[in-house]
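Predicted model and sequence follow; I will ask about them next.
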Amino acid sequence: MEKRTKLWTNMSAIAFASVTALSGCATGGEGEGEGEGEGEGHQVVVDGSQTSQVASSGGEGEGEGEGEGDAAPAPAGEGEGEGEGEGAASDAELAKDDLAYLTQLGLMRGHLFVGNELYKAGHIDHAKMHMKHPKSELYAEVVPAFEARGSKGFAEELEMLATAVEGEKGDAAVAAGYATVTAAIAKNEGFVSAASGTAAEKLKLAVALLRTAGEEYAIAVVDGKMQNAHEYQDAFGFTNIAKAILETSSKSTAAEEEVVGKAVAIIEGLKPLWPGIMPPETLTTEAGQLYGAASQIELLALGLE
């Protein structure tokens, strides 16, 4: 299945008429029905801070990927990469455009986050797919940007984590690998201008990640049916990272604190899109909810400029 580009480098003009309120608006599944670990309040780590995840199930029962027949169907193919296709950021853009660069790193964070959650929940094969995607799909594109910005990147750290998961080296090795690579990503996120650290810019970054999550979710859920578990999980990861970025962002004024708080609340309203980290066969949610959230947060970002 062809994807639209996954990397949004320019903020689109907002068509106010299209902004609506949020409403009830992939390795394939392997037949796994377990939903263990999905309601345990896992945490996202961004720049050394921890925040609670967006989607945690409210309890056991239907809709959490539990029970016979809840595993998602296998996708027709894997390997569709974020940042590929028409409109993808070029090497030059990633080297000069801080938003494009940070979005690419955010996508890698999202893959690793959901891979780590899947690993902790015991879905090892799914975890393996997500852990290898940052390097296979995204990392090569940003290497020239690392060089231009004076960074050494984090290829070694990515490889260490992927090896720990692929080789099933145990919980301690995977946890250490995940902590090391997320710290390395945080270091590389520092190779941007000071202006990129403002609340307004962080809101724009969250918008870019949510729009990418929307693209993923549109592939995952088609006419209410689960078509691609991997993309469902990608969208989960990107949305969690968007929320974590906002929660750990610097707010220098009361107005910024208020606006970022509103944006976080908007993202929290997306919880029903992921009743569990392993998807059910059918869902009443849709990608439009993610696009709507992105548009609402984009409006908030403009209000701070």
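Perfect, thanks for sending it. Just so we're clear, the structure is a prediction, and the values are computed from it rather than from any experiment.

hey, let's count contacts and neighbours off CA atoms from now on
Will do.

helix/strand/coil for the residue lying closest to residue 257 once chain neighbours are set aside?
Nearest residue to residue 257 in three dimensions, chain neighbours excluded: residue 251, at 5.4 Å (CA to CA, 6 or more residues apart in numbering). The three-state assignment at residue 251 reads coil, by DSSP: H, G, I helix; E, B strand; the rest coil.

so where's the protein shaky on pLDDT?
Within the chain, the segments meeting pLDDT under 70 span 1-88.

for it, what spans make up the helices?
91-96, 98-120, 124-133, 140-149, 155-166, 171-188, 199-220, 229-247, 254-268, 288-303 (DSSP state H).

okay if I get those helices as JSON lines plus distance to residue 278 and mean neighbour count?
Listed next are the helices of the chain as JSON lines, based on distance: least, CA to CA, whole Å; neighbours: other CA atoms under 10 Å:
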{"stretch": "helix 91-96", "distance to residue 278": "33", "mean neighbour count": "18"}
{"stretch": "helix 98-120", "distance to residue 278": "8", "mean neighbour count": "25"}
{"stretch": "helix 124-133", "distance to residue 278": "9", "mean neighbour count": "22"}
{"stretch": "helix 140-149", "distance to residue 278": "29", "mean neighbour count": "18"}
{"stretch": "helix 155-166", "distance to residue 278": "18", "mean neighbour count": "20"}
{"stretch": "helix 171-188", "distance to residue 278": "20", "mean neighbour count": "18"}
{"stretch": "helix 199-220", "distance to residue 278": "12", "mean neighbour count": "26"}
{"stretch": "helix 229-247", "distance to residue 278": "7", "mean neighbour count": "28"}
{"stretch": "helix 254-268", "distance to residue 278": "19", "mean neighbour count": "17"}
{"stretch": "helix 288-303", "distance to residue 278": "19", "mean neighbour count": "22"}
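
if I read this right, the residue nearest to residue 257 contacts residue 197, doesn't it?
No - Residue 251 lies out of contact with residue 197 (CA atoms under 8 Å); the separation is 9.6 Å.

Settle it for me: which of the two has more neighbours?
A count of neighbours by other CA atoms under 10 Å puts residue 251 above the other of residue 251 and residue 197, at 18 against 15.

thinking again about what came up before, just put the helices of the chain in JSON lines and tack on distance to residue 274.
Shown next, in JSON lines, are those (distance: least, CA to CA, whole Å):
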{"stretch": "helix 91-96", "distance to residue 274": "31"}
{"stretch": "helix 98-120", "distance to residue 274": "12"}
{"stretch": "helix 124-133", "distance to residue 274": "16"}
{"stretch": "helix 140-149", "distance to residue 274": "29"}
{"stretch": "helix 155-166", "distance to residue 274": "24"}
{"stretch": "helix 171-188", "distance to residue 274": "23"}
{"stretch": "helix 199-220", "distance to residue 274": "10"}
{"stretch": "helix 229-247", "distance to residue 274": "7"}
{"stretch": "helix 254-268", "distance to residue 274": "11"}
{"stretch": "helix 288-303", "distance to residue 274": "12"}
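
what's the residue nearest the centre of the chain in contact with, if anything?
In the chain, the centroid-proximal residue (CA atoms, centre = their mean) is residue 238; its distance is 1.1 Å. Residues near residue 238 by CA atoms under 8 Å, 6 or more residues apart in numbering: 106-107, 109-111, 209-210, 212-213.

Check the offset of stretch 154-162 from the chain's centre.
Relative to its chain's centre, stretch 154-162 lies at 19 Å (CA atoms, centre = their mean, to the nearest Å).

give me the number of residues near the closest residue to residue 221 other than its chain neighbours?
Closest residue in space to residue 221, ignoring its immediate chain neighbours: residue 227 at 5.8 Å, by CA to CA, 6+ apart. Neighbouring residues of residue 227 were enumerated by other CA under 10 Å; the total is 26.
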